[in-house]
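> here is a sequence with its predicted model. Questions after.
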Amino acid sequence: MVEFSFFFRRKWLLFLALNEIRHSLLRCGGRLEMSDRFGCSAGCDKVDDLQVNRARRAHLVFSIQRKLEAVRILGIESSCDETAAAVVEDGSRILSSVVASQISTHARYGGVVPELASREHLRAIVPVMRLALEQSATRLEGLGAIAVTQGPGLVGSLLVGITYAKALALVRHLPLIAVNHIEGHIHAVVSQNPVELPALALVVSGGHTHLYEVREKFVYRLLGKTRDDAAGEAFDKVAKLLGFSYPGGPIIDMLAPHGDRHVVPFTLAKMKGNTLDFSFSGLKTAVLRWTEARDLSAEVDARRELLQNNPNPSVDEWLAVTSRETLDMLASFQHTVIRELLRHAVKAAEEIDARSLVISGGVACNAGLRLAAAATRLPYPIFFPIPGLSTDNAAMIAAAAFPKFARGEFADSTLRAQANLALA
Ligand code: KG4
Ligand code: ZN
C-alpha cells in the first residue's frame, strides 16, 4: 500500500475527522463554529463511506488475538462536558489520561449548555488526543484499537468523539470499539481493583443513579434507577438555587462538614413498585421550600458577587458568605442523599448475594459518601474509583473496551451516537 508522507497523512487525518464531525453536527442541527487552525475550509468534501469490510475485520481479530498481551487502546470520551482521551494498556495500566474540562464555559449558566459543549469538544479533541498519545509515548501505529463512548449523553457531544474515532480507525486500519458510558464508570473501578463478581455497582453521577448487578463476562442487570433527578443533578440544582457555582457537588461536599447534618430533618418518599428505585426530586423541592421560608437574598447575592470576582472560590471564601443555617441545611441535604444511596446499594447487594460493592461516577468523589461507606460494616469490600477516574475520563472507556477487544466485538462506520443508550 502506498504510504503518504507524514505531513500529508497528518493533514488528511485532521481534515477527514473534522470535516466528518462538522457534517454530522450539522445533520443533527447543532450550531458549529469551525476553527481555521485545523485547516478545514467550507469547501471540504464529506467522506461518505467509512465502511470497514468483514474480511478485514476477521483478519484484525486474528492478529489482535496474537498480540493480546500488550495491547494499547486509545479511549475517547465526549459524552457531556469533558473532552478526554487516554491510552490504557492491557485494560488496566493507564499510560495517560487527559481531560479537558469545560466547567468554566458552563459555570455561568449553572449547567451544561449542549451547543457550547459540542463546540468546545471540537476545539479540544485534537490537542487532547495528541497529548494522550504523547504522554503515553504511543504512536498511532502502536495502538491495538480505538474505543469511544457511544452513549448515553448529549448527542452533539457524543458525535464529536464518535466521528473522530471512526475517522482515526478508518485511516489507521484499527478496530473501533463502542463503549457505554455507564459501563465505563463501572470499569473505572473493576479495572483497578480486585473486584469479585457478582458485584453490585452503584453508578451515581450527574446523569445517573443506577444499580446494576455485574456478573461474569461483564453481563449486567439493572436493579434500580432514579425515577427523576440523578443524585449529582440534585447536588447541582440545590447549589444553583443557593447561588453556588456549577458543578455544585464538590462545593456542597466541601461545605457539608462545616454544618450539622441533623438540623434539617429531610425525609424521602417511600418508593412504590421497585423499592430499589430512587427519587430525589422531592428532596430538591424540600430544599426549595426551606429557602423560600427564609430570606436568604443577602447571602445568595454575596455568593454571586464572589463568583463574579473569582470563578473558583476556596472553602474559606465560600464560608465567609454562607450562614450557619445554610451550612446546616447543606450538611443535612448531603447526609440524606448519602443515606439513601447506601441504603439502596446495600439492599441490592444483599438481594444478589454480591461479593463486592462498586460505587462509581462523579458523586463517588464525595468525601461524605466515602466516609459513610467505610463506616458501614458489610461482609464484602466496597471499591471506589481513584479521584481521577471518578468523574468523566477516557481511561475508563479504554478499560471497558478491553474485554470487548478480546472478544472481537467491534463497531463499524454505521456506529451512531445514542443519547439514551441503556446498559441493561
Ligand atoms: O460522572 P460525571 O463527571 O459526569 C456524568 O456522567 O454526569 O459526574 C458529574 C456529577 C456532577 O453532578 C457533580 O456535581 C457530581 O458529579 N460531583 C459530586 C462531587 N464531585 C462531582 N457530587 C457530590 N460530591 C462531590 N464531591
Ligand atoms: Zn459520567
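Arrived safely. Numbering: from 1, shown residues only. Ligands and ions are numbered 1, 2, ... in the order given.
> elements contacting the lengthiest helix in the chain?
Counting residues, the longest helix found in the chain (DSSP state H) is helix 324-352. Counting contacts by 3 or more C-beta pairs under 8 Å, 6 or more residues apart in numbering; DSSP states H and E, helix 324-352 packs against strand 199-204, strand 209-215, strand 219-225, helix 231-241, helix 248-255, helix 281-292, strand 356-360, helix 367-375. The way it works is simple: take the backbone N, C-alpha and C, and place the C-beta from them, glycine included.
> quick check, the last one touching ligand 1?
No. Counting by C-beta under 6 Å from any ligand atom, ligand 1 is not contacted by helix 367-375; separation bottoms out at 6.6 Å.
> who does that helix touch, helix- and strand-wise?
Judged by 3+ C-beta pairs under 8 Å, 6+ apart, the packing partners of helix 367-375 are helix 324-352, strand 356-360.
> and those, which is most packed in?
strand 356-360 (a mean of 25; mean count of other C-beta atoms under 10 Å).
> distance from the chain centre to that one, please.
16 Å (C-alpha atoms, centre = their mean, to the nearest Å).
> who touches L307 in this structure?
107, 243, 245, 313 (C-beta atoms under 8 Å, 6 or more residues apart in numbering).
> I'd assumed D229 was in a helix, is it?
No. Applying DSSP: H, G, I helix; E, B strand; the rest coil, one finds D229 to be coil, outside a helix.
> leaving aside the residues adjacent along the chain, what's closest to it?
F280 (4.4 Å; C-beta to C-beta, 6 or more residues apart in numbering).
> and for the one you found, the neighbour number?
A total of 25 residues lie near F280 under the criterion other C-beta atoms under 10 Å.
> residues from this protein in reach of ligand 2?
Counting by C-beta under 5 Å from the ion, the residues of the chain close to ligand 2 are 205, 392.
> what does the chain put close to ligand 1?
Proximity of the chain to ligand 1, by C-beta under 6 Å from any ligand atom, involves residues 80, 205-207, 232-233, 235-236, 247-250, 253, 361-363, 365-366, 391-392.
> per-residue pLDDT, I103?
If you check I103, the pLDDT there is 89.
> ok, now L268?
89.
> residues touching the closest residue to it other than its chain neighbours, list them.
Distances taken as C-beta to C-beta, 6+ apart put E340 closest to L268, at 5.6 Å, once the chain neighbours are dropped. By C-beta under 8 Å, 6+ apart, E340 lies in contact with 268, 278, 280.
> which phi and psi does the residue of the stretch 201-350 of the chain found nearest ligand 2 have?
Residue nearest to ligand 2 within the stretch 201-350 of the chain (C-beta to the ion): S205, separated by 4.3 Å. For S205, the backbone dihedrals are phi -140, psi -160 (criterion: degrees, to the nearest 10).
> the residue nearest to it when sequence neighbours are not counted: neighbouring residues, count only.
Leaving aside its sequence neighbours, S205 sits nearest to G361 (C-beta to C-beta, 6+ apart; 3.4 Å). Burial measure for G361: 30 neighbouring residues, criterion other C-beta under 10 Å.
> and G361, backbone torsions?
phi 100, psi 170.
> quick one: contacts for the residue in the stretch 301-424 of the chain that ligand 2 sits nearest to?
Nearest to ligand 2, among the residues of the stretch 301-424 of the chain, is D392, at 4.4 Å (C-beta to the ion). By C-beta under 8 Å, 6+ apart, D392 lies in contact with 77, 79-82, 84, 99, 181, 205, 362.
> tell me which of the helices and strands packed on helix 324-352 sits nearest to S332.
helix 281-292 (9.2 Å; C-beta to C-beta).
> mind listing what's buried in the next helix or strand after the closest one?
Sequence-wise, the next helix or strand downstream of helix 281-292 (DSSP states H and E) is helix 297-309. Neighbour-count burial for helix 297-309, with 16 or more other C-beta atoms under 10 Å as criterion, is recorded at 299-300, 303, 306-307.
> my guess is E141 contacts R172, does it?
Yes. The pair E141 and R172 qualifies as a contact (C-beta atoms under 8 Å) at a distance of 7.1 Å.
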